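*Asks:* Whatever this is, show me its structure:
(chains A and B, ligands or ions: 4)
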There are 2 protein chains.
Amino acid sequence: MRYEGCMASLSDDQVHELDRWFRAANYLAVGQIYLLDNPLLERPLVREDIKPRLLGHWGTTPGLNLVWTHLNRLIRERDAEAIVLCGPGHGGPAAVANAWLEGTYSEVFPAVSWDKEGMGLLFRQFSFPGGIPSHVAPETPGSIHEGGELGYVLSHAYGAAMDNPELLVAAVIGDGEFETGPLAASWHANKFVDPVHDGAVLPILSLNGWKIANPTIPARIHRDELESLLRGYGHHVITVEGDEPADVHRQMAAAMDEAHAMVREIWRAAREEGDLERRPWPMILLVTPKGWTGPAHVDGKPVEGTWRAHQVPLAGTRDNDEHRAQLEEWLRSYRPVELFAADGRPVEQIVGQAPVGTRRMSANPHANGGLLKRPLRLRDWRASAVEVERPGGSIHEPTRVLGRYLIDVVRDNDATFRIFGPDETASNRLDAVYEVTDKVWAADILDVDEHLARSGRVMEILSEHTCQGWLEGYLLTGRHGLFSCYEAFIHIVDSMLNQHAKWLKTTRDIEWRPPIASLNYLLSSHVWRQDHNGFSHQDPGFIDHVVNKKAEVVRVYLPPDTNTLLSTMAHCLQSEHYVNVVVSGKQPSFDWLDAEQADLHCARGLGIWDWASNDGGDPDVVVAAAGDVPTLEALAAVSLLREHLPDLRVRFVNVVDLMRLQDEREHPHGMGDREFDSVFTTDTPTVFAYHGYPWLIHRLTYRRTNHDNIHVRGYKEEGTTTTPFDMVMMNDIDRYHLVMDVIDRVPGLASRAGGVRQLMVDTRRRARQWTRTHGDDLPEVRDWTWDASAGPARGASP
Amino acid sequence: MRYEGCMASLSDDQVHELDRWFRAANYLAVGQIYLLDNPLLERPLVREDIKPRLLGHWGTTPGLNLVWTHLNRLIRERDAEAIVLCGPGHGGPAAVANAWLEGTYSEVFPAVSWDKEGMGLLFRQFSFPGGIPSHVAPETPGSIHEGGELGYVLSHAYGAAMDNPELLVAAVIGDGEFETGPLAASWHANKFVDPVHDGAVLPILSLNGWKIANPTIPARIHRDELESLLRGYGHHVITVEGDEPADVHRQMAAAMDEAHAMVREIWRAAREEGDLERRPWPMILLVTPKGWTGPAHVDGKPVEGTWRAHQVPLAGTRDNDEHRAQLEEWLRSYRPVELFAADGRPVEQIVGQAPVGTRRMSANPHANGGLLKRPLRLRDWRASAVEVERPGGSIHEPTRVLGRYLIDVVRDNDATFRIFGPDETASNRLDAVYEVTDKVWAADILDVDEHLARSGRVMEILSEHTCQGWLEGYLLTGRHGLFSCYEAFIHIVDSMLNQHAKWLKTTRDIEWRPPIASLNYLLSSHVWRQDHNGFSHQDPGFIDHVVNKKAEVVRVYLPPDTNTLLSTMAHCLQSEHYVNVVVSGKQPSFDWLDAEQADLHCARGLGIWDWASNDGGDPDVVVAAAGDVPTLEALAAVSLLREHLPDLRVRFVNVVDLMRLQDEREHPHGMGDREFDSVFTTDTPTVFAYHGYPWLIHRLTYRRTNHDNIHVRGYKEEGTTTTPFDMVMMNDIDRYHLVMDVIDRVPGLASRAGGVRQLMVDTRRRARQWTRTHGDDLPEVRDWTWDASAGPARGASP
Ligand SMILES: Cc1ncc(C[n+]2csc(CCOP(=O)(O)OP(=O)(O)O)c2C)c(N)n1
Ligand SMILES: Cc1ncc(C[n+]2csc(CCOP(=O)(O)OP(=O)(O)O)c2C)c(N)n1
Ligand SMILES: [Mg+2]
Ligand SMILES: [Mg+2]
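*Replies:* Ligands and ions are numbered 1, 2, ... in the order given. Next up is the predicted model:
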């Protein structure tokens, strides 16, 4: 191997010292799982020293400790800058133990001091009410990765490495986690690494052989099959295998050195010689027993090296004397007297092994992105606004115009902002950005390709999971980004969104973690315009999913036209520590508001559109809309009402910030009741055309005085490949149906407007028929325009 | 290669005939995308012959047609029984074209007859309002795979192959789809194939080089890297590569023969010689250009073999004369006169190539599982019921008892029922089934392993996606199953659930597709009992997600104890064509109902529990609960009320079938308003303890008279690693808080019960404090039992 020259050959002393750290970390991990008291084993363990409830995961922990030990050596010896992400983050005790050994834990949580008392607290608080979670979590210094839901460690790691050209991001992958889809896809992230501007990811596959109750696939296929797979993923595989610590330390040190040398060589060749050919990146295949160094047998059954080591190997330790004795033996096997001074502090030989200051992985600012985050440089979106002379007087493709706005964002933030998408950036019409940047592609590039390059700001892989993981990793390390996706398929990352939202929620209360940039979604190709895909591509439910998360971290926007989209997106890109969901169409559609109006409307979040209202402050009906297609249909309904029922006093309301509908006690954006009532009144029938599943509007408004009068139309799970207008008709949210709804709901109108109602029924029929014959929408629908001269009919509302 | 002897060496004539089918299918596909009329090109194409809206995907279509052509040859020549699943199912025209060529289409849709008129209709209806979707869809004969959302074709295929020992399931994988996580994980499904009892999956990777707007990763890594990857996945790779049809036909026929021979050899060795060693399964790497045989250039830009061929290569064909001429040239390049007789029927040489009857892939009953489905053999669950002498008098782990019930299910349906889980079957305490069956494992088995075997009924892989895909494939081919999963992580398959629910909804209206078995979820390790995992594992939102789907296909059950769980699950396992979500704890918990009562309660879906009520038909307050932990807290609250406010007339209601809460117009299980009012009254304050996010209860009940009086407690996104009772306290759904809610809501009680309220506040404080000190719950909480002697206090309610 080319890199052998760079590889460590350790003296016995060096091995001994490395093992000392490893033993200390293991000791502290076991202590966390079991001990309430007697942290230094100054006396034999008694019942009261043991926690009443034993909650934690031992099995994966020694592997994590080994990795930490040797990354520290690499950082010190080779002057590397590294962070580590723990895929099997259920091994929380490991990350906590190492952070305490490095001194960081006590810096961040002074009560958990760097002494015996602190060690006692460290043990006690773990998995304990009012203490810390059992997993690597936001509360863990040095972590950007929770590791509760398995599968995302590699994509997070690659996101962290982007635009951090000196950073090595080690990513420990559980061999069970290896089986998950998101993890499997994310191996290919190495085809998107820019060796000049990005750092490197070092995957470490922790092949401990087992999951919770089963062996793992990679442990039970032939080794050459596994290596073939890993090579096929684009890696040079360095194997470390054994169960004798000294031997494993030697192998591991050499493996780290080799990996690091390979990375440096790739960087050098790219940066100094401009050699941008993709080469295999190193990875480590770490084969050690699950629960290594723990009890070999318990109650006569093998534990170390089996699935039985996954959680707490010795059960009932409080009351079972034998198990307690075994625990004590286990703890003493690490020889605590060689690890900690009498006052509980780690001995000098351990302290000296920790890197210094922010080079400690537990204190590295890259693992606390808010520290590094700089505001995005954003120009005034109004410079990109489209001119709107009168409502509905012009037509634009909203996302295409947004693409033009993003040109500057990309240019002005060329190392801190990226756009992510599953092969949909152009389909979602953001392709203007290719005027100033490219899609990153480290694999082969052919002449026929367009906008592919070794460097760029756009990341496209057909894996929503990888896009999401990349972006999360990028944000968590202090940068900014945008994920553009088809609306229906964003459900693919529902569970990842959950975890990220939980991270945001938790870190709001952790003062040493400053806020990070928001996670921004642009959902286009939405439910109403799946003209050539149909039912499988129609689902607006991501909004509902997001709204279940803590109100303080989620926002949902439904800009009705191009300028409101620009205003919304500019706002979202500047915001901090939220999940922002923006849903917008890409098809040509009417502009309703000019820049000034859009600015005001978006600042308000919802408002009455005077020019579409003729209620003179006292409406007979409120017609409301949220979403671009619903706004179109609702305005068309208003124009029908004007034509056929000119006396009816109609107020038109548009909602862009969905959270405004909610009570101010429920959501920070929520409106006070009085303000809400001033818009929706306390007693006027309201016909509400909404982009998604109708009940969400009820949920958001059910405490409002006028709630019983709010009648919502939305998507009711009816769809197929058809015309745009047929699609809205299938869900009864079309203009004609909205007019019928108005007639049915305004007291006294039913009898008076029977003729109009019948006309609506007939027109719907005619419209459907027309599509069946011509394959296209009725001309009067397709060519409809808002007659701006007609309104406001009688005195605008306030 | 060992199998060369079995491989076809085709005569020129044979090649010519295969190509004839291929050309016919391509012709029919292009016709579907473009033509309104003039199907046989009897006259030059004119404007009116072209559809006004061109909606479809050409790029992937020729690859699918090639596969179909050669699978038909295999079926005929080698007497194989095969079905095909199209991963890139956006190539809908291909599946439809082949089904029409096979005659099936006209059998199923007589209007689309097997002649010129039918061909005209076939073309017109595609992607046309009132016609058929553009993708392979439920409407497509021969399909069990929609292919809209990419990533699931392999797991579906493996599910279809299980327990179908003679079936070959070909699965075409797009090279873009290849990048998705679910697809990447599902390659490893081959470690779970039982060569004796299962059929085989033949993966065909369609390496056409492109996605929508980008090249694909597998097309742009070195070929040996790709092959290394595929070998690592456990496959023998047979490559077919070219762009000259005759050459490709020769290669493809040989590849199919080789693959088939390998499969037969694995089967033979396993079945005749008992040789169960895992061997590489064959797969085909098919390298042909995207949009093969289509326009090479359009408007001077390369199209065939590029991403530009993805959808409709020639735009504006109605009005652009040049494009229309190019379209005509393209269509004529297939030489339609050699393909169809003057009456439009396929010529004899084509008809003769189709397999016969149900051997046609478009007519194979495995692709229409309802035809094959037999009811599950189920014994009376009451035989497995636990004895319950009095409410709360005994304790069981509900899922553990369910495991015992499943023993018989597994034994009595040993080729038609499987249990799927992501390494959680034992963790969810269903492990009793291992008394009669094993976990399937085709990889290496060691002595230390337990319950792993080459055959079995339990499928465990750490991939929720693969579990879901397997089960869907198994159900869609007419079998039965159960997916047991941690509640929080079932969100991982949200989007897969969407697609399956859409399939169920659509097929309800397709009369030639009889119903299939329900998709049954058992969600355990739920939000309230994540004692050793914490926040990342806490999310009850899957219920909300499911309830957004069409009411007629979804059901949600929250059995409060062991016997109700048995009753519910027995009901679900028998049901057809639903998605059933059952949420149940696995921790020891009280039994409330004996078998008889459980039976009645579950039949009712919700009901008043007399023994916990003292309202005498006229309650001051209704205390309601849905979910096991909420039921416990609500009953404990009732007992506190009895103790401290003995005069208060309390009605206790338990909800097991959540859909009962809804209006009968909204859901088939919904209650009529009168019935609802008779339980919840029209005016009594109701305190409702609910398992999940509280607003769902509002959503389900918002039309009820008493809705404004319903006050719901549930999960409000507060969680961590802590004790069970601390967890309910964090979310204000604990017994003490429920009592406070009652006091706050029953008119007049606030002043009278001030002391009790204060006691509740204090007890909560004391309970929290206790956990902080002892790491466990307050003994009076932990050891609480229902005092059955105390009630019903004053005359049970009716
Ligand atoms: C997506 C997901 N599914 C299921 C689980 C439940 N679970 C927790 S740990 C574990 C086994 C993990 O095995 P492995 O990745 O090998 O980790 P290690 O052996 O290092 O503990 C499982 C299945 C989970 N955390 N995430
Ligand atoms: C999960 C998912 N994400 C995105 C899309 C949008 N999409 C439709 S087709 C396609 C490209 C598919 O490429 P490939 O699998 O290679 O198919 P083919 O080239 O045969 O058309 C994409 C990204 C999708 N259908 N599913
Ligand atoms: Mg493992
Ligand atoms: Mg492709």
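*Asks:* Please make it C-alpha for all contacts and neighbour counts, starting now.
*Replies:* Fine.
*Asks:* Strands of the stretch 451-600 of chain A, start to end?
*Replies:* A:452-453, A:458-460, A:480-486, A:519-524, A:554-557, A:579-583, A:589-590 (DSSP state E, counting those that start in this stretch).
*Asks:* Phi and psi next, for A:Leu640.
*Replies:* Backbone torsions of A:Leu640, given as degrees, to the nearest 10, read phi -70, psi -40.
*Asks:* do A:Arg374 as well
*Replies:* The phi and psi torsions at A:Arg374 (degrees, to the nearest 10) take the values phi -110, psi 150.
*Asks:* And A:Gly234, by the same measure?
*Replies:* Backbone torsions for A:Gly234, taken as degrees, to the nearest 10, come to phi 100, psi 20.
*Asks:* Nearest approach to ligand 2 belongs to which of the strands of the stretch 451-600 of chain A?
*Replies:* Nearest to ligand 2 among the strands of the stretch 451-600 of chain A is strand A:480-486; the distance by C-alpha to the nearest ligand atom comes to 7.2 Å.
*Asks:* elements contacting that closest one?
*Replies:* Judged by 3 or more C-alpha pairs under 8 Å, 6 or more residues apart in numbering or on different chains; DSSP states H and E, the packing partners of strand A:480-486 are strand A:417-421, helix A:464-476, strand A:519-524.
*Asks:* and with 7 Å instead?
*Replies:* On a contact count with 3 or more C-alpha pairs under 7 Å, 6 or more residues apart in numbering or on different chains; DSSP states H and E, strand A:480-486 meets strand A:417-421, strand A:519-524.
*Asks:* Residues in contact with the shortest one: which ones?
*Replies:* In this case it means strand A:417-421. A:410, A:457-461, A:467, A:479-485 (C-alpha atoms under 7 Å, 6 or more residues apart in numbering or on different chains).
*Asks:* with those in mind, which one is nearest to A:Glu273?
*Replies:* Using C-alpha to C-alpha, A:Arg457 is the member of those that sits closest to A:Glu273, with 22.7 Å.
*Asks:* Excluding chain neighbours, what is closest to that closest one?
*Replies:* Computed as C-alpha to C-alpha, 6 or more residues apart in numbering or on different chains, the closest residue to A:Arg457 that is not its neighbour in sequence is A:Arg418, at 4.8 Å.
*Asks:* Kindly present the helices and strands packed on strand A:480-486 as CSV, with separate columns for distance to ligand 4, mean neighbour count and mean pLDDT.
*Replies:* Shown next, in CSV, are those (distance: least, C-alpha to the ion, whole Å; neighbours: other C-alpha atoms under 10 Å in any protein chain shown; pLDDT from 0 to 100):
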stretch, distance to ligand 4, mean neighbour count, mean pLDDT
strand A:417-421, 17, 24, 98
strand A:519-524, 22, 25, 97
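*Asks:* Of those strands, which is nearest ligand 1?
*Replies:* Short answer: strand A:519-524, nearest of the helices and strands packed on strand A:480-486 by C-alpha to the nearest ligand atom, at 21.5 Å.
*Asks:* what about the closest one, near ligand 2?
*Replies:* No: against ligand 2, strand A:519-524 shows no contacts by C-alpha under 6 Å from any ligand atom, the least distance being 11.8 Å.
*Asks:* angle of that strand against strand A:417-421?
*Replies:* 40 degrees (axes from the mean of the first three to the mean of the last three C-alpha atoms, to 10 degrees).
*Asks:* max-length helix in chain A?
*Replies:* In chain A, with assignment by DSSP state H, the single longest helix is helix A:245-273.
*Asks:* separation between A:Arg43 and ligand 4?
*Replies:* According to C-alpha to the ion, to the nearest Å, A:Arg43 stands 67 Å off from ligand 4.
*Asks:* no wait, A:His526
*Replies:* Taken as C-alpha to the ion, the span from A:His526 to ligand 4 is 23 Å.
*Asks:* neighbours of that residue, just the number please.
*Replies:* Counted by other C-alpha atoms under 10 Å in any protein chain shown, the residues lying close to A:His526 total 24.
*Asks:* Run through the residues that contact A:Glu149.
*Replies:* Contact partners of A:Glu149, counting by C-alpha under 7 Å, 6+ apart, are B:Ser536.
*Asks:* swap in the one 5 residues further on?
*Replies:* For A:Leu154, the residues meeting the contact criterion (C-alpha under 7 Å, 6+ apart) are A:171, A:183, A:186.
*Asks:* element containing the last one, please.
*Replies:* Think A:Ser186. helix A:181-186 (DSSP states H and E).
*Asks:* Then the first one?
*Replies:* The secondary structure element spanning A:Ala171 is strand A:167-174 (assigned by DSSP H and E).
*Asks:* Strand partners (parallel or antiparallel) of that strand?
*Replies:* strand A:81-86 (parallel), strand A:200-206 (parallel) (DSSP bridges).
*Asks:* Just after the first one, pick out the following helix or strand.
*Replies:* As assigned by DSSP H and E, the chain's next helix or strand after strand A:81-86 is helix A:92-101.
*Asks:* mind checking how far A:Met496 is from A:Ile543?
*Replies:* Separation of A:Met496 from A:Ile543 (C-alpha to C-alpha, to the nearest Å) stands at 15 Å.
*Asks:* Show me the helices in the stretch 651-798 of chain A, by range?
*Replies:* Along the stretch 651-798 of chain A, counting by DSSP state H, counting those that start in this stretch, helices occupy A:673-680, A:695-701, A:724-730, A:735-745, A:749-752, A:754-774, A:779-782.
*Asks:* Make CSV from these and add distance to ligand 1 and mean pLDDT to it.
*Replies:* Formatted as CSV, the helices of the stretch 651-798 of chain A follow (distance: least, C-alpha to the nearest ligand atom, whole Å; pLDDT from 0 to 100):
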stretch, distance to ligand 1, mean pLDDT
helix A:673-680, 42, 96
helix A:695-701, 28, 94
helix A:724-730, 36, 97
helix A:735-745, 44, 98
helix A:749-752, 55, 92
helix A:754-774, 45, 97
helix A:779-782, 47, 96
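*Asks:* okay if I get the helices and strands packed on strand A:480-486 as a markdown table plus distance to ligand 1?
*Replies:* What follows is the helices and strands packed on strand A:480-486, written out as a markdown table (distance: least, C-alpha to the nearest ligand atom, whole Å):
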| stretch | distance to ligand 1 |
| --- | --- |
| strand A:417-421 | 23 |
| strand A:519-524 | 21 |
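*Asks:* Could you provide the ones you listed in TSV, with additional columns for distance to A:Glu179?
*Replies:* TSV is the format used below for the helices and strands packed on strand A:480-486 (distance: least, C-alpha to C-alpha, whole Å):
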stretch	distance to A:Glu179
strand A:417-421	24
strand A:519-524	27
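*Asks:* With distance to ligand 3 as new columns, can those strands be given to me in CSV?
*Replies:* Output for these, formatted as CSV (distance: least, C-alpha to the ion, whole Å):
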stretch, distance to ligand 3
strand A:417-421, 31
strand A:519-524, 31
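*Asks:* on that earlier part again, what bridges to the residue nearest to A:Arg457?
*Replies:* Assessed by DSSP bridges, A:Arg418 has beta-bridge partners A:Gly481.
*Asks:* same deal with A:Ala82?
*Replies:* Checking A:Ala82 by DSSP bridges, which sets the bridge assignment, gives partners A:Leu168.
*Asks:* Now for A:Tyr152: which residues touch it?
*Replies:* Contacts of A:Tyr152 by C-alpha under 7 Å, 6+ apart are A:182-183, A:469.
*Asks:* neighbours of A:Glu77, just the number please.
*Replies:* 12.
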